[in-house]
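Peer 1: Sharing a model prediction with you, sequence too.
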Amino acid sequence: MASSSSSAVLSSSDLANLDSFLHWSYNSSSSSLKIAFVAPPAKPDGWIAWAINPVAPKMVGSQALIAYKDADGLMTVKTFNVSSYSGRSIAPSKIEFDVPEMEADYTDGVMRIYATIVLPKNTEPVLNQVWQVGSSVSSNGIPSAHAFKDDNLKSMGTLNLMEGGGSGDGQSIIRTNSASTGASSRLNKRNIHGFLNVVSWGFLFPLGITIARYMRVFQSLDPTWFYLHIACQLLAYFIGVAGWATGMKLGSQSQGIRHTSHRNIGIVLFSFATLQILCASFLRPKKDHKYRIYWNFCHHGVGYMIAVLGIFNVFKGLDILDPEKKWRVAYIAILGVLGGVALLLEAITWVIVLKRKYNNSTKPSDEDNGV
């Protein structure tokens, strides 16, 4: 598709699902619709699709443009007439509209489809549009089935050709990185949100608990273990608050996208972690205080709850973000190492505690020494 540095996108739409954007220019005199569809594929070797459905906003009956990497690793875009939900019907085929120009590119984790579509004369100004992303493409160019998450099932709507500039001038849509800035930026924000929460709730909080539970048994490490515990938990809290805040911001910017349980667990984590920090800083009784045992019980209980909920919510976040498998495997491996170290220390510290109790019970008293 020819590009022009002087042309401008007449209309843009931040689509409600799948981190997708649509830029378009419509010329009513020639019934020519120029589009730039921008979305991150589910996996780097996946696919993206944008379609018009002449009948209804649904997949079956849609006249689709699907972009993916071919066998040589080059971006290509094909037309697909999606006649049924059966995977056998998903193959490159002629569609109801003439598409004289179409191409695709892929940079910074985002794919883009550029196309000129000639619509029938007297086309209704409101079109049914469907968009989708998938994780892989077969060697013969057949897209795999997309996921059936909430975002995937809701990726449909309407497109009003008369919005944002009337008939349009028919010029080409600018092909620059700015066309994908929104999608790439939102994907980066999601990745940052995920990274912050994995580090804080998913690792540092459990590590801080491990330090407090096992290092305190070694008398030579007192009070070093205490300061390490405080440093670890405070660092986890502040990173976790940053991760929670980015998540709330993402939620407010993603109209129509709701991850209710993930969001609610995040709010619970933030609330209890804040309570834990405040109580530990200002309401901790002295060691010999009669209420110290109750404070310890609550402090330990809330701490373990935060660790368990944090790890659980990290996995829910991974399900939503759906990164490459290696990242999930890496996190599971880190948890496995931390869990293995905890089990080893559990055995060692029990031996130390039991030996210490035995030595104390057999130590001669003052009367036995004749004092």
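Peer 2: Arrived safely, thanks for sending.
Peer 1: Give the bridge partners for Val77, please.
Peer 2: Taking DSSP bridges, one obtains Ala67 as the residues bridged to Val77.
Peer 1: Now do it against Ser28, distance only.
Peer 2: 25 Å (Cβ to Cβ, to the nearest Å). For every residue, glycine as well, the C-beta is placed using N, CA and C.
Peer 1: Looking at these two, which has the bigger crowd around it?
Peer 2: Val77 (23 against 17; other Cβ atoms under 10 Å).
Peer 1: Ser29 falls within a helix, correct?
Peer 2: No: read with DSSP: H, G, I helix; E, B strand; the rest coil, Ser29 is coil and lies in no helix.
Peer 1: so what pLDDT did it get?
Peer 2: Ser29 is assigned 80 on the pLDDT scale.
Peer 1: doesn't Gly157 fall inside a helix?
Peer 2: No: secondary structure assignment (three-state DSSP) places Gly157 in strand, not in a helix.
Peer 1: Apart from its chain neighbours, what residue comes closest to the residue nearest the centre of the chain?
Peer 2: Centroid check for the chain by Cα atoms, centre = their mean gives Leu321 as the closest residue, at 2.7 Å. Using Cβ to Cβ, 6 or more residues apart in numbering and skipping the chain neighbours, the partner closest in space to Leu321 is Gly194 (5.2 Å).
Peer 1: Using the three-state scheme, assign that neighbour.
Peer 2: Classification of Gly194 by three-state DSSP places it in helix.
Peer 1: and it, what does it touch?
Peer 2: By Cβ atoms under 8 Å, 6 or more residues apart in numbering, Gly194 lies in contact with Gly317, Leu318, Leu321, Pro323.
Peer 1: Can you add secondary structure and give those residues back as a markdown table?
Peer 2: Shown next, in a markdown table, are those (three-state DSSP):
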| residue | secondary structure |
| --- | --- |
| Gly317 | helix |
| Leu318 | helix |
| Leu321 | helix |
| Pro323 | coil |
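Peer 1: ok, so of those residues, who is nearest Thr107?
Peer 2: For those, the residue nearest Thr107 by Cβ to Cβ is Pro323; the value is 18.6 Å.
Peer 1: Using neighbour counts, give me the buried entries of the contacts of Gly194.
Peer 2: Gly317, Leu318 (16 or more other Cβ atoms under 10 Å).
Peer 1: In JSON lines, list the contacts of Gly194 along with pLDDT and distance to Ser20.
Peer 2: Shown next, in JSON lines, are these (pLDDT from 0 to 100; distance: Cβ to Cβ, whole Å):
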{"residue": "Gly317", "pLDDT": "90", "distance to Ser20": "20"}
{"residue": "Leu318", "pLDDT": "88", "distance to Ser20": "21"}
{"residue": "Leu321", "pLDDT": "76", "distance to Ser20": "16"}
{"residue": "Pro323", "pLDDT": "77", "distance to Ser20": "18"}
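Peer 1: Just put the contacts of Gly194 in CSV and tack on distance to Leu15.
Peer 2: CSV is the format used below for the contacts of Gly194 (distance: Cβ to Cβ, whole Å):
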residue, distance to Leu15
Gly317, 22
Leu318, 23
Leu321, 18
Pro323, 21
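Peer 1: contacting residues for Val118?
Peer 2: Val118 sits next to Ser30, Ser31, Ser32, Leu33, Phe97, Asp98, Val99, Pro100 when contact means Cβ under 8 Å, 6+ apart.
Peer 1: Isn't Phe205 up against Gln233?
Peer 2: Yes: applying Cβ atoms under 8 Å as the test, Phe205 and Gln233 come out as touching, 6.8 Å apart.
Peer 1: So which of these two has more stuff around it?
Peer 2: For Phe205 versus Gln233, neighbours defined as other Cβ under 10 Å are more numerous around Phe205 (29 against 25).
Peer 1: The more buried one: which element?
Peer 2: Assessed by DSSP states H and E, Phe205 sits inside helix 205-210.
Peer 1: ok, longest helix in this protein?
Peer 2: helix 325-362 (DSSP state H).
Peer 1: Just the buried residues of that helix, please?
Peer 2: For helix 325-362, the neighbour count (16+ other Cβ under 10 Å) marks Trp327, Arg328, Tyr331, Leu335, Leu345, Thr349 as buried.
Peer 1: So which elements touch it?
Peer 2: Other elements packing on helix 325-362 under the criterion 3 or more Cβ pairs under 8 Å, 6 or more residues apart in numbering; DSSP states H and E are helix 205-210, helix 292-321.
Peer 1: what's the closest of those helices to Phe21?
Peer 2: Among these, helix 292-321 comes nearest to Phe21, with 18.6 Å by Cβ to Cβ.
Peer 1: between the closest one and helix 325-362, how big is the angle?
Peer 2: With axes from the mean of the first three to the mean of the last three Cα atoms, to 10 degrees defining the directions, helix 292-321 sits at 170 degrees from helix 325-362.
Peer 1: elements contacting helix 292-321?
Peer 2: Helices and strands touching helix 292-321, by 3+ Cβ pairs under 8 Å, 6+ apart, are helix 181-199, helix 205-210, helix 260-282, helix 325-362.
Peer 1: ok, back up a step: show the average pLDDT along the longest helix of the chain.
Peer 2: Per-residue scores along helix 325-362 average to 91.
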